[in-house]
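> I need the structure of the sequence given here:
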Amino acid sequence: MNALLDDRAVAARVLAHVEKRSTDLGETVWREPVENYRSEARLQAEMALLRRLPVPFCPAAALGGEGAFVARPAAGVPIVAVRGRDGQVRAFRNACRHRGMPVADGRGCTKTFVCRYHGWGYGLDGSLRHVPHEEGFPGLDRGSHGLVPVHAEERSGLVFVTQDGAEEAPADLPPILAPGQMLFDSAEREVAANWKIFAESFLEGYHIRPTHRESFYPYGFDNLNVIEAFGRNSRVTFPFRRIARLAEVPEAERRIDGLLTYVYHLFPNVLVAVLSRHTMVVVLEPLSTDRTRMVTYGLTNPPAEGEDDEPERLRAEAARDAAFADIGGQEDRDVTCAIQRGLSSGANDHFTFGRFEGAIVHFHRVLDAALMG
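Numbers count the residues shown, from 1 in each chain. Have a look, this model is predicted:
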């Protein structure tokens, strides 16, 4: 696990790039076969990988109190995660042990999961608590008919779920989400593109001027990024033009609040974007070779030094920030879908990722290695 730069070191690297009109460069060019975005066999291998690895399922803030739950498919498997009475987060396969009906839907808070087909009830710990007309099931062993657990753990403000493997989330992840960040929004939408094409749109700033000419570009730089890898993961820094004012501030006094965006790529399919006034967690769930479910969670940012921590103010500022960010987000989604349509042209047998796109190169190199392993 490679250590990430601290905020002041990132600022210093950005300022050096501003002065030199440069950017971080990767070591090599990568050629990714277009077939890897179209192959059903490749997709099934990727889905198996998503079930085998510890993958962020939701922010811990989405499970804020006793009985708070999130239920959704993950890598094609219905999963429910819940905060127990003991404060522990647990996750289960979201299927009643009677006839397989899901016992939870969406987000909410409950004391008991009750199957709406026949009314079997389960505790927050997954144990079978109630069977209507239990006399009709002579010899039923309640102890072996609880919800089927999958491994869940909290790291860096996120809930990781491992469905089919024993690997745990890295214990030395950097602090990504802070205690006290509040969930103010969650949503799902389908995007007509392969999940990897969508992920790539978060991982480079080479496209900022042509794609975001009237949204992000007036406030940011074209092709100026700090790119860092840590383990299988990466972080890309997108600075705003106003960061240049830090050149006049002593290094020990520099603060980056509101002056840049950090985008963390948590391998394989989760992005965390830390923006000026809010943080967005994005989970990319593959549905097919050409469709992705985008699951998003919006969280408030901690107040800047000297600001009050009044919850309604933080939520309002976060919502305004998110509305602006989604303008650029829609531009990225439009480009992503256009790339997907372009796959059928037959023009490319591979995509070439250059030295400006080092985080994408890292992603594909690690993904290839994980699939081979």
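
> Now L50: closest residue in space, sequence neighbours ignored.
Spatial nearest neighbour of L50, excluding adjacent residues (Cβ to Cβ, 6 or more residues apart in numbering): A75 at 3.8 Å. Heads up, the C-betas are built off the backbone N, CA and C, glycines and all.

> Looks like the one you found contacts R51 (just checking).
Yes: when contacts are counted by Cβ atoms under 8 Å, A75 is listed as touching R51 (4.7 Å).

> Overlap in contacts, these two.
Taking Cβ atoms under 8 Å, 6 or more residues apart in numbering as the criterion, A75 and R51 both touch Q163.

> related to what we said a few turns ago, so how many other residues sit close to the residue nearest to L50?
Number of residues near A75 (other Cβ atoms under 10 Å) recorded here: 21.

> ok, now which ones touch it?
Taking Cβ under 8 Å, 6+ apart, we find A75 in contact with 47, 50-51, 55, 163, 285-286.

> Relative to L284, how far out is it?
Here the distance between A75 and L284 works out to 11 Å (Cβ to Cβ, to the nearest Å).

> Equivalent analysis for R242, please.
31 Å.

> These two: who's more crowded?
The residue with more neighbours, out of R242 and L284, is L284; 22 against 12, by other Cβ under 10 Å.

> Quick check: which element contains that one?
Element membership of L284 [criterion: DSSP states H and E] is strand 278-288.

> Just give me the neighbour total for the nearest residue to A252 once chain neighbours are set aside.
Spatial nearest neighbour of A252, chain neighbours left out: R8 (7.6 Å); criterion: Cβ to Cβ, 6+ apart. The number of residues packed near R8 is 15, by other Cβ under 10 Å.

> Now do the SS call for R8.
Secondary structure assignment for R8 (DSSP: H, G, I helix; E, B strand; the rest coil): helix.

> Quick check: it touching L259?
No: between R8 and L259 there is no contact under Cβ under 8 Å: 11.8 Å.

> Next, show the common contact partners of the two.
Overlap of the contact sets of R8 and L259 (by Cβ under 8 Å, 6+ apart) is empty.

> residues near T211, how many?
Applying other Cβ under 10 Å, I find that T211 has 17 neighbouring residues.

> In contact with it, which residues?
Residues near T211 by Cβ under 8 Å, 6+ apart: 331-332, 335.

> Tell me how far it lies from K196.
18 Å.

> now swap in N348 and tell me
Note on N348: its distance to K196, by Cβ to Cβ, is 15 Å.

> Look at those two and report which has more neighbours.
Higher neighbour count among N348 and K196: K196, with 22 against 12, using other Cβ under 10 Å.

> Tell me the helix or strand right after whichever strand or helix holds that one.
If you go by DSSP H and E, K196 is part of helix 195-200. Of the helices and strands lying after helix 195-200 in sequence (DSSP H and E), the nearest is helix 208-211.

> Can you give me the end-to-end span of stretch 163-170?
End-to-end distance of stretch 163-170 (Cα to Cα, to the nearest Å): 16 Å.

> what does stretch 106-121 give?
Distance across stretch 106-121, first residue to last, is 18 Å (Cα to Cα).

> chain center to that stretch, what's the gap?
Remark: stretch 106-121 is offset 27 Å from the chain centroid, using Cα atoms, centre = their mean, to the nearest Å.

> Compute the distance between the residue lying closest to T23 once chain neighbours are set aside and E204, please.
Sequence neighbours aside, L224 is the residue nearest to T23 in space, at 4.9 Å (criterion: Cβ to Cβ, 6+ apart). Here L224 is placed at a distance of 11 Å from E204 (Cβ to Cβ).

> buried stuff in the helix ranked longest in the chain?
As assigned by DSSP state H, the longest helix anywhere in the chain is helix 311-342. Neighbour counts using 16 or more other Cβ atoms under 10 Å place 314-315, 317-318, 321-322, 324-326, 328-329, 331-333, 335-337, 339-340 of helix 311-342 among the buried residues.

> ok, now stretch 166-178?
By 16+ other Cβ under 10 Å, the buried positions in stretch 166-178 come out as 169-170, 173-174, 176-177.
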